[in-house]
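J.: Compute the structure for the input listed below.
(one chain, ligands or ions: 1)
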Amino acid sequence: MKKTLLSVTAGLLALLVVSGVKASVGHDQHAAAAPIGQPGKASEVTRTIAISMHDNYFEPESLSVSDGETVRFEITNQGALVHEFNIGTAEMHEGHQAEMLMMVQHGVLKGDKLDRSMMEMDMGNGQTMKHDDPNSVLLEPGEQSEIIWTFAKAADLQFACNVPGHYQAGMQGEISVQ
Ligand SMILES: [Cu+2]
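T.: Numbering: from 1, shown residues only. Below is the predicted model:
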């Protein structure tokens, strides 16, 4: 019991540290570089791109979009594991991988399953392990979802799956913004 409490506390600390880092990184990027874009409106969609996620790769392998273009991504998990589709810079993905590692450590993400009720739980500090950023979706095998995103000219933009080990296994692709 004591051990469980300790590991939960360690997890909470890790979450606080990660959130702190993320917040400061986001702030610096806002000041220094172009943003990665923003959630788009359905009425502004000019192109729909189907993304399929497999174990462990994406189809297509890379994307090319225009500056200011609004794209609807229809994302399907055709693999046997949980996968994520996330739009961000390499630095953002790295930060998110630490958060997803915590989801695994807390049993929220187990290979082919997501404990969505646990993701809603307050961890005691008003924070949850909810995965609801507008630039990403996390899907169980067979699930389907969509993201509408308006792109901005950003350097080093990638789509990636940040489930532990997947990015390193090659589950990432370049997004070139023309
Ligand atoms: Cu994956």
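
J.: When you work out contacts or count neighbours from here on, use the C-alpha atoms and nothing else.
T.: Noted.

J.: So what pairs up with the residue of the chain found nearest the ion in the strands?
T.: Per CA to the ion, His83 is where the chain lies closest to the ion, at 3.7 Å. Beta-bridge partners recorded for His83 (DSSP bridges): Leu139.

J.: so how far is Met129 from it?
T.: His83 sits at a distance of 16 Å from Met129 (criterion: CA to CA, to the nearest Å).

J.: residues contacting the nearest residue to His54 once chain neighbours are set aside?
T.: Distances taken as CA to CA, 6 or more residues apart in numbering put Gly79 closest to His54, at 4.2 Å, once the chain neighbours are dropped. By CA atoms under 8 Å, 6 or more residues apart in numbering, the contact list for Gly79 reads 53-56, 141-142.

J.: List the buried residues for the strand or helix carrying Ile148?
T.: Element membership of Ile148, judged by DSSP states H and E, is strand 144-151. Neighbour counts over strand 144-151 (16 or more other CA atoms under 10 Å) mark 144, 146-151 as buried.

J.: Reformat those residues as CSV; add pLDDT and distance to Arg47.
T.: Below are the buried residues of strand 144-151 laid out as CSV (pLDDT from 0 to 100; distance: CA to CA, whole Å):
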residue, pLDDT, distance to Arg47
Gln144, 98, 18
Glu146, 97, 13
Ile147, 98, 12
Ile148, 98, 10
Trp149, 97, 11
Thr150, 97, 11
Phe151, 96, 12
